[in-house]
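> here are the coordinates; sequence isn't available:
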């Protein structure tokens with residue numbers, strides 16, 4: 001009988017069978033081709049936003065499991081408190097951990113230097129494997145290299161794919177943010193939108209900057225607006241001031257679900273007719289698309305990123321497998337809009353999308 005996995009959270013200082021998926025809008029980008037995703041059939045997992053701790057026992061019973069030796073994997077992200085995007089990542093990771101008899105230790109810090117310290121702590125604690133996001137690669141790369149030097153396999157997810165491979169990670173799961181940005185630019189161009197405002201909630205985050213740069217490749221008048229993502233009151237006031245003063249802007253794009261909902265509130269209260277769009281998806285965003293309040297969202301499938309990152313480490317432990325063959329395994333982008341939002345909303349309510 002296999003032992004059920006455990007999930008531990010340490011405080012620093014979404015996918016079903018193919019027949020269940022809604023139809024996808026085909027994405028094209030001018031300067032890149034999207035790689036295929038490895039197809040996995042996994043069972044559903046419910047998630048709850050903002051939780052501090054979660055156990056894996058129920059998930060293990062539901063997902064089945066393996067009879068291999070228990071391993072300890074650290075999942076270290078740059079999550080900002082209150083950003084529900086990371087609940088989806090963590091939920092997928094927990095599902096894989098339950099199936100794979102992995103003791104999953106979750107930790108996060110928004111700053112790269114502190115995130116690097118968390119990697120070192122994982123090495124010192126005897127981690128069998130590490131899954132990490134690299135939004136601040138300059139600070140993170142040396143720590144990843146130290147893990148590799150200590151014979152701790154590393155995979156990356158969500159951010160910093162090129163830098164992660166350079167540092168020695170054997171796989172990356174996420175979306176190419178430049179491709180996603182260009183896809184949004186092309187979508188907006190189809191809607192006769194030419195001057196979007198791209199709201200960046202974390203200055204210096206390479207992935208967020210790449211999204212806006214990708215839009216700008218298609219729509220040169222794209223304008224960046226920087227806000228402090230850890231202070232939603234500041235986000236709201238900065239967005240409101242910009243919406244009130246930017247008479248020539250015709251769209252405003254949030255780069256995360258909670259931030260887009262705050263943007264929507266400010267646009268509605270200002271009675272502006274500026275169009276709202278979003279990168280990343282949650283139940284509120286999907287409902288707002290159904291209701292005609294938000295034009296679209298880019299879905300990078302964060303649940304799948306967490307699941308594949310942990311599962312790939314188990315595969316590496318038991319076969320030295322390296323998914324992607326040295327190239328990133330892409331989980332997005334796909335566009336969710338009025339054509340498919342209702343179908344996606346069903347899974348958003350289950351904590352998968």
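In hand now; what should we look at? Because the structure is a prediction, the values reported are computed rather than measured.

> mind giving me the domain ranges of the protein?
As recorded under automatic domain parsing, the domains making up the chain are 7-175+301-333, 177-299.

> and residue 341, which of those domains is closest to it?
Of all the domains of the chain, the one in closest proximity to residue 341, counting by C-beta to C-beta, is domain 177-299 (4.0 Å). Yep, even glycine has a C-beta here, placed from its N, CA and C like the rest.

> Quick check: end-to-end length of the closest one?
12 Å (C-alpha to C-alpha, to the nearest Å).

> now do stretch 126-143
End-to-end for stretch 126-143, by C-alpha to C-alpha: 15 Å.

> how about residue 69, secondary structure?
Classification of residue 69 using DSSP: H, G, I helix; E, B strand; the rest coil returns coil.

> pLDDT wise, what is the residue nearest to it when sequence neighbours are not counted at?
Nearest non-adjacent residue to residue 69, counting by C-beta to C-beta, 6 or more residues apart in numbering: residue 101, 7.4 Å away. On pLDDT, residue 101 comes in at 95.

> just to revisit the earlier point, turn the domains of the chain into TSV, columns for mean neighbour count and distance to residue 348.
Shown next, in TSV, are the domains of the chain (neighbours: other C-beta atoms under 10 Å; distance: least, C-beta to C-beta, whole Å):
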stretch	mean neighbour count	distance to residue 348
domain 7-175+301-333	20	8
domain 177-299	20	4
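
> Helices of the stretch 151-300 of the chain, start to end?
Under the criterion DSSP state H, counting those that start in this stretch, the stretch 151-300 of the chain contains helices at 161-167, 177-190, 206-218, 232-245, 257-270, 283-290.

> which residues of the chain score low on pLDDT?
The model of the chain has pLDDT under 70 over residues 1-64, 349.

> quick one: the strands in it?
When secondary structure is read from DSSP state E, the chain shows strands at 7-9, 71-77, 102-108, 129-132, 154-157, 172-175, 196-200, 223-226, 251-254, 275-279, 297-299, 329-332, 334-336.

> Return the distance of the third one from the chain's centre.
Yep, that's strand 102-108 we're talking about. From the chain centre to the centre of strand 102-108 is a distance of 17 Å (C-alpha atoms, centre = their mean, to the nearest Å).

> got it, and the fourth one?
Taking C-alpha atoms, centre = their mean, one finds the center of strand 129-132 at 15 Å from the center of the full chain.

> quick one: strands adjacent to it?
strand 71-77 (parallel), strand 154-157 (parallel) (DSSP bridges).

> Which among these is found nearest to residue 128?
Here strand 71-77 is closest among the strands paired with strand 129-132 (C-beta to C-beta), at 4.1 Å.

> how far off strand 102-108 does that closest one point, in degrees?
Relative orientation of strand 71-77 and strand 102-108, computed by axes from the mean of the first three to the mean of the last three C-alpha atoms, to 10 degrees: 20 degrees.

> Residue 323 reaches residue 330, doesn't it?
No. The pair residue 323 / residue 330 is not scored as a contact, 11.5 Å apart, by C-beta atoms under 8 Å.

> Quick check: chain neighbours aside, which residue is closest to the residue nearest to the spatial centre of the chain?
Nearest residue to the geometric centre of the chain (C-alpha atoms, centre = their mean): residue 302, 4.3 Å. Leaving aside its sequence neighbours, residue 302 sits nearest to residue 88 (C-beta to C-beta, 6+ apart; 4.1 Å).

> Same check on residue 74?
residue 122 (3.9 Å).

> was I right about that neighbour contacting residue 115?
No. Contact status for residue 122 versus residue 115: not in contact, 10.8 Å apart, counting by C-beta under 8 Å.

> what do the two both touch?
residue 76 (C-beta atoms under 8 Å, 6 or more residues apart in numbering).

> Need the distance between the two termini of stretch 65-77.
End residues of stretch 65-77 are separated by 25 Å (C-alpha to C-alpha).

> Surely residue 187 touches residue 335?
Yes. If you go by C-beta under 8 Å, residue 187 and residue 335 touch, sitting 6.0 Å apart.

> what touches both of those two?
residue 296.

> Show the backbone phi and psi for the residue nearest to residue 69.
phi 60, psi 50 (degrees, to the nearest 10).

> so it touches residue 68, yeah?
Yes. Counting by C-beta under 8 Å, residue 68 is a contact partner of residue 101 at 5.7 Å.

> Spit out the contact partners of residue 201.
Taking C-beta under 8 Å, 6+ apart as the criterion, residue 201 is in contact with 80, 208, 227, 228, 229, 235, 255, 256, 259.

> oh, I was asking about residue 120
Applying C-beta under 8 Å, 6+ apart to residue 120 gives the contacts 143, 146.

> where does it sit relative to residue 204, distance-wise?
21 Å (C-beta to C-beta, to the nearest Å).

> surely residue 206 meets residue 159?
Yes. With contacts counted by C-beta under 8 Å, residue 206 reaches residue 159, the gap being 6.7 Å.

> anything in contact with each of the two?
135, 177.

> From residue 294, how far out is residue 288?
On the measure of C-beta to C-beta, residue 288 and residue 294 end up 4 Å apart.

> Please enumerate the shared neighbours of these two.
residue 264.
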